[in-house]
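Colleague: make a model of this:
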Amino acid sequence: MNNCKKKILIDLDGVLNYYDGKFNENLIPQVRSGADEFLKTLNKSADLYLFTTRNLIMSVKWLIKNKLDIYFKDVTNVKIPAYLYIDDRTICFDGNYNKMLKDIKEFKAYWKH
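Modeller: A predicted model of the protein is given here:
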């Protein structure tokens, strides 16, 4: 019997915090409401990795400050192989290049709507 959990990479900005696109390298915005419960639930069935382009030490400190560090196996800035990626700036490819080109042209992060 295989008890291996699936690996999921979760982006920081716009997923776990209130991000509005105004990047400040010295400040990570406030944790989003519901993030703790989301991670707690997801962690039961998956190994979670924080994926961010931010300073890794600062990101780890942010996780600890917000008591979210207990849910993560690691923090990385490398897109490691995973079952899936959770990000606010992504489009899921469905095999249709024409639709993908349209989706790219019309893309807006949810916080820009």
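
Colleague: quick one, phi/psi of the spatially most central residue of the chain?
Modeller: Geometric centre of the chain, nearest residue: Asp11, 1.9 Å, by CA atoms, centre = their mean. When read as degrees, to the nearest 10, the backbone of Asp11 gives phi -70, psi 150.

Colleague: any idea what it is bridged to?
Modeller: For Asp11, the beta-bridge partners are Phe51 (DSSP bridges).

Colleague: so who does it touch?
Modeller: By CB atoms under 8 Å, 6 or more residues apart in numbering, the contact list for Asp11 reads Phe51, Thr52, Tyr85, Ile86, Asp87, Asp88, Arg89. (Glycine included, C-beta is placed from N, CA and C.)

Colleague: check Tyr110 too.
Modeller: Contacts of Tyr110 by CB under 8 Å, 6+ apart are Gly14, Asp88.

Colleague: against Gly21, how distant is it?
Modeller: In this view, Tyr110 and Gly21 are 11 Å apart by CB to CB, to the nearest Å.

Colleague: that older thread, which of the contacts of Asp11 count as buried?
Modeller: Listed as buried from these are Phe51, Thr52, Tyr85, Ile86, Asp87, Asp88; burial here means 16 or more other CB atoms under 10 Å.

Colleague: out of the contacts of Asp11, flag the one nearest to Ala35.
Modeller: Within these, the smallest distance to Ala35 is 11.4 Å, found for Ile86 (CB to CB).

Colleague: which non-adjacent residue is nearest the closest one?
Modeller: Counting by CB to CB, 6 or more residues apart in numbering, Ile86 lies nearest to Ile10, which is 4.6 Å off, once chain neighbours are set aside.

Colleague: surely that neighbour meets Leu48?
Modeller: Yes - contact criterion CB atoms under 8 Å: Ile10 and Leu48 qualify, at 6.0 Å.
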